[in-house]
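[1] What follows is a predicted structure for the sequence shown.
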Amino acid sequence: MHIHSSEIRSKYLEFFKTKSHAIIPSAPLVPENDPSVLFNTAGMQPLVPYLLGQPHPMGKRIADVQKCVRTGDIDDVGDDTHLTFFEMLGNWSLGDYFKKESIAWSWEFLTDSKWLGLDPKMISVTVFEGDENAPRDEESADIWKSLGINADRIAYLPAEDNWWAAGPTGPCGPDTEIFYWVGEGEPQGNKGTHSKAWMEIWNNVFMQYNRVDANTLDKLPAPCVDTGMGLERVTVTLNGMKSVYETDAFADVLTAIKDLVGAENYVESSARIVADHLRSATHMISDGVVPKNVDQGYILRRLIRRAIREAYKMGYEKPIVADVAKLFIAKFENVYASVKTGADRILSELGKEEEKFGKSLKDGMREFDKLVKGFEIAFERTGQKITQIAGNKAFTLFDTYGFPVEMTVELAKERGLTVDVEGFEAAFAKHQELSRTAAEGKFKGGLGDQSGETVALHSACHLMLSGLRKVLGAHVAQAGSNITAERLRFDFTHGEKMTPEQISAVEAYVNEAIASGLRVTVSEEAKETAKGRGVIGSFWEKYPDVVKVYKMSGGNGTVYSEELCGGPHVETSAEMGKFKIVKEEASSSGVRRIKAVLEK
Ligand code: SER
């Protein structure tokens, strides 16, 4: 029996629909107004505000499939398990049901013949053994037993295994994890006794706390449930396969790559990298990311270029990215609307990037080989072995030939060499205002920096967009935003440079609103109504039928902004300070970029 990933995905949503869950679309890969991460890395990430107590417009029972990207393990891609893009199946209780229903429904979905119909014998679970934060979770263990799980299939494990936290701060709590037997022969013991033979397939987190800082663990306004089941992992496991590349998610793509490069040139690990990276790239572009040298665009560029080099390693020097991406578009266009509507853009962005890089890859490789040859000659002459490529050389490879530094590191490693990455970064920072480390550092951050500063800047963003539309015209729409505690950065559609007078007028608009004693209120209304009456918003298609509208009105009664948004915002303008635009520049064709601050 082969269970297709698409079947698991649709059955999962169907099942939770029968348990009165609202099915919501995946949030875009790039989090809105969360500067602490470049991409959503967990299913729960876009739902953090709701776990913290904000009412969700779709109710208290939610199920979804969330697109996620993790690039921390990018060097391991090519093995059986690591992927940079994955889909998380999740069901959520936002202050509604708790352990009993959550566990019973997981069991029913997995074992009932109407759903996945797995053999109960193949399943074991873990529960939290207890520590100073929360007691031993006998409650979950008892629920499992009442469903028919034997006591010896339950392992009590410490926080390291059975406490889930979104990041250093944010919602957290004990969890119960569900495992499937992948060992030899008959299932034995549990995760505690036969660790490697049991593969995790589902994680049910009982969110009860909000970690505010290292010493403060607040109770959440209402206990919640956050479950996560990695679609690719569960597909491999349930099909008794060894590798995710054997499943329907990838198998035909690898065959197509083999046909393209020729069976005699085919290298499995290279083909896996090509497939994985272009699958991620397809989704990133569908969510509005374009190849660039900073932030999300840099990650995208790195993935595309690495894929191209892997194809090149297999001796394939012709265009390949569009051929591979087309297969992923076909797989996902009926799952994610953004892939369908973005299909042409995905292919054209990939094609442009391939053309740009394809031209210089060969020359760059020649340059790299020359460099290494130089090391060998120096060794013959002087007897001194050089083992490190200098930072400025790595920078030349980047600047002239478009080699992301990680690629140079990889090339160097293949020859037993290292790269002075710090030296590269210093050279890079000298040439560009933003260093890559700053972008990369964002992976390490926690979730949703909702400090006072970022929230105030987010509110200022709304006022500024209204001001821009007032001063420049209604063609102005948001094209991207990124907020840190220090400043806001905002991209918007507009064809020409703003004059100093226009900039002052927008600043004056925002500052007038702030000075007028702003009050911010939020209401829910039907999406079509909000759209019809001119509420500002972008990506309407990504929102549910009922949307949240934030209204900012002055003490004088003037409405300064009404915009579609998930929050959070200030309640009044008392703490906002003075708004100032510090830079206005071109971002890309037809898009301008503003950097602005609030001066206290
Ligand atoms: N937050 C948990 C996880 O990512 C369950 O969704 O594993």
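    Here it is on my side, so go on.
[2] so the residue of the chain found nearest the ligand, which of the three states?
    Nearest to the ligand in the chain, going by Cβ to the nearest ligand atom, is residue 228, at a distance of 2.3 Å. To be clear about C-beta, it is placed using only N, CA and C from the backbone, and glycine gets the same treatment. Classification of residue 228 using DSSP: H, G, I helix; E, B strand; the rest coil returns strand.
[3] what's it in contact with, if anything?
    By Cβ atoms under 8 Å, 6 or more residues apart in numbering, the contact set of residue 228 is 42-44, 88-90, 202-203, 205.
[4] contacts with the ligand among those, please.
    Restricting these to those near the ligand by Cβ under 6 Å from any ligand atom leaves 42-44, 90, 203, 205.
[5] Any chance of TSV for the contacts of residue 228, columns pLDDT?
    Shown next, in TSV, are those (pLDDT from 0 to 100):
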residue	pLDDT
42	90
43	93
44	91
88	97
89	98
90	98
202	97
203	97
205	98
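[6] Which single one of the residues you listed is nearest to residue 146?
    Distance to residue 146 across the contacts of residue 228 (Cβ to Cβ) is lowest for residue 202, with 18.4 Å.
[7] May I have the beta-bridge partners of the closest one?
    residue 178 (DSSP bridges).
[8] OK, contacts around it?
    Per Cβ under 8 Å, 6+ apart, neighbours of residue 202: 106, 110, 177-178, 227-229, 234.
[9] Could you do residue 286 as well?
    Applying Cβ under 8 Å, 6+ apart, the residues near residue 286 are 336, 338-339, 342, 345-346.
[10] low-scoring stretches of this structure, by residue?
    Across the chain, the ranges flagged by pLDDT under 70 are 1, 33, 432-451, 539-544.
[11] Around residue 517, how many other residues sit close by?
    Neighbour count of residue 517, defined by other Cβ atoms under 10 Å: 13.
[12] surely it meets residue 573?
    Yes - with contact defined as Cβ atoms under 8 Å, residue 517 reaches residue 573; the gap is 6.8 Å.
[13] Quick check: residues of the stretch 101-250 of the chain near the ligand?
    Close to the ligand, as judged by Cβ under 6 Å from any ligand atom, the stretch 101-250 of the chain has residues 164, 203, 205, 226-228.
[14] Closest to residue 294 out of these?
    residue 228 (30.0 Å).
[15] Quick check: bridge partners of the closest one?
    Beta bridges link residue 228 to residue 203 when assigned by DSSP bridges.
[16] how near is it to residue 485?
    To residue 485, residue 228 is 29 Å away according to Cβ to Cβ, to the nearest Å.
[17] again with residue 48
    18 Å.
[18] Residue 251 too?
    As judged by Cβ to Cβ, residue 251 and residue 485 stand 46 Å apart.
[19] So the residue of the chain most remote from its centre, which state does it fall into?
    For the chain, the residue at maximal distance from the C-alpha centroid (Cα atoms, centre = their mean) is residue 381, at 50.4 Å. Following three-state DSSP, residue 381 is assigned to helix.
[20] what does the chain have sitting close to the ligand?
    Counting by Cβ under 6 Å from any ligand atom, the chain comes close to the ligand at 42-44, 90, 164, 203, 205, 226-228.
[21] re earlier: just the closest of the contacts of residue 228 to residue 261, please.
    Out of the contacts of residue 228, the member with the shortest distance to residue 261 (by Cβ to Cβ) is residue 88, at 32.1 Å.
[22] Can you classify that closest one as helix, strand or coil?
    strand.
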